[in-house]
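**Student:** just coords:
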């Protein structure tokens, strides 16, 4: 018999913390939109993984198109981080000798 790497109660605690992170990011969107949007999307991706695992442990799958959801949210977060990296590099002053 294979032992479980996750238990349902721990996954629920993880999911609650991710929902809190999502809520804080959503509530503070105006403070730093790009950062909060990225955090929000990553929290949603991680939450989807937790939900899928909870459903698997309960022997039921009810989530429609989790892959599409995860790919779209991750693409948004990835794009934001790439834009940030480009912006950060362009803000760096050029060196003069």
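**Tutor:** Okay, I see it. As the structure is a computational prediction, the values presented were derived from the model and not from experiment.

**Student:** For the spatially most central residue of the chain, pull up the helix or strand it's in.
**Tutor:** Centroid-nearest residue in the chain, with CA atoms, centre = their mean: residue 42, separated by 1.4 Å. Secondary structure assignment for residue 42, by DSSP states H and E: helix 33-57.

**Student:** What is that helix packed up against?
**Tutor:** helix 8-27, helix 66-91 (3 or more CB pairs under 8 Å, 6 or more residues apart in numbering; DSSP states H and E). Bear in mind the C-beta positions are built from the backbone N, C-alpha and C, glycine included.

**Student:** Quick check: which of those helices is buried the most?
**Tutor:** Greatest average neighbour count among the helices and strands packed on helix 33-57 goes to helix 8-27 (a mean of 14), per mean count of other CB atoms under 10 Å.

**Student:** And that one, what does it pack against?
**Tutor:** Helices and strands touching helix 8-27, by 3+ CB pairs under 8 Å, 6+ apart, are helix 33-57.

**Student:** relative to helix 66-91, how tilted is the helix it packs on?
**Tutor:** 150 degrees (axes from the mean of the first three to the mean of the last three CA atoms, to 10 degrees).

**Student:** Now do the buried residues in helix 33-57.
**Tutor:** Residues of helix 33-57 classed as buried by neighbour count (16 or more other CB atoms under 10 Å): 36-48, 50-54.

**Student:** quick one: it to helix 8-27, angle?
**Tutor:** Using the same axes, to 10 degrees: helix 33-57 against helix 8-27 is 160 degrees.

**Student:** returning to that earlier point: how much space between the residue nearest to the centre of the chain and residue 65?
**Tutor:** Separation of residue 42 from residue 65 (CB to CB, to the nearest Å): 19 Å.

**Student:** closest one to residue 58 among the helices and strands packed on helix 33-57?
**Tutor:** Closest approach to residue 58 among the helices and strands packed on helix 33-57 (CB to CB): helix 8-27, 7.1 Å.
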